[in-house]
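Q: Have a look at this fold, sequence not included:
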């Protein structure tokens, strides 16, 4: 998308007089009367005329400077560009007898007709703003993915839509669904739906990247001698072997039962070990522990 200042060979600080002089110079050079049969010159003439239609109007120029070329064309159609623009401003100075490259199209030119469209639609429909909603899901649904049926009001009509939640989605992620939002005013297009995903915390699990972490409390004797315990996972209860001499805060790994991703791969589950120290001991237990202490343990 060309910069209107560059089209006229100017920079952004150009004065109104400089814009007018640059336009007239280029218009004289590329006017079809001086370039008969030269379609490139005619296209160039239309291009500089469009640039002048914007930059010669203080309000349009201000909008163009504010939003830039791309942003300006998203907000303003070609009809907007040439609205209230006098075609005689283009033709003035080329002689009353000269040919008009837009002859027969003057009326449509002011409201924007064909001369600058070059086969493109004459009116750029405004972009439909996305419909924004929030979606709350469980830890398991976020980790493994799920299907949801949502009731959403679109254009004041309550509708049910089916949503596929991809596995591995994180809390705060915006799920962008094309053409699931509001209808345009002429009902020929539908905008997008943006869902802000809220993931409920889990009473047992927490997430670390692709891994799921769960806490497991074991007895002092289990840590010393080793044991096999059962822990909860996303796939149900699994057995975990505790090696002899396991230290508190160490992590044991269960491979392939963590967060699922769209590729089908999965992370792991990490079992964080906490060793519990008993507070109330019997006399017999105290004697056994004292014996161990006496042996250097």
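A: All right, it came through fine. As the structure is a prediction and not an experimental result, all values here were calculated from the model.
Q: rest of the way, CA atoms for contacts and neighbours
A: Noted.
Q: need the contact list for residue 136.
A: 197, 198, 199, 200 (C-alpha atoms under 8 Å, 6 or more residues apart in numbering).
Q: in stretch 50-64, what counts as buried?
A: 50, 51, 52, 53, 54, 55, 56, 60, 61, 63, 64 (16 or more other C-alpha atoms under 10 Å).
Q: Hmm, residue 74 and the last one touching each other?
A: It refers to residue 64. No. Using C-alpha atoms under 8 Å, residue 64 is not in contact with residue 74, being 10.8 Å away.
Q: that older thread, looking at the buried residues of stretch 50-64, which are in helices?
A: 50, 51, 52, 53, 54, 55, 60, 61, 63, 64 (DSSP state H).
Q: can you pull the pLDDT of the third one?
A: In the prediction, the pLDDT value recorded for residue 52 is 89.
Q: And the nearest residue to it once chain neighbours are set aside, how far from residue 29?
A: Closest residue in space to residue 52, ignoring its immediate chain neighbours: residue 23 at 6.5 Å, by C-alpha to C-alpha, 6 or more residues apart in numbering. According to C-alpha to C-alpha, to the nearest Å, residue 23 and residue 29 sit 10 Å apart.
Q: which of these two has more neighbours?
A: Just comparing residue 23 and residue 29: by other C-alpha atoms under 10 Å the higher neighbour count belongs to residue 23, 23 against 15.
Q: That one belongs to a helix?
A: Yes. Under DSSP: H, G, I helix; E, B strand; the rest coil, residue 23 falls within a helix.
Q: Surely it and residue 48 touch.
A: Yes. Counting by C-alpha under 8 Å, residue 23 touches residue 48, with 6.8 Å between them.
Q: Residues in contact with both of these two, list them for me.
A: By C-alpha under 8 Å, 6+ apart, the residues touching both residue 23 and residue 48 are residue 8.
Q: For this protein, give me the ranges with low pLDDT.
A: Within the chain, the ranges that satisfy pLDDT under 70 run 1, 83-125, 186-187.
Q: all strands of it, in order?
A: Here the chain has its strands, by DSSP state E, at 131-137, 146-154, 157-165, 174-177, 193-199, 205-208, 211-219, 227-233, 236-242, 251-254, 269-276.
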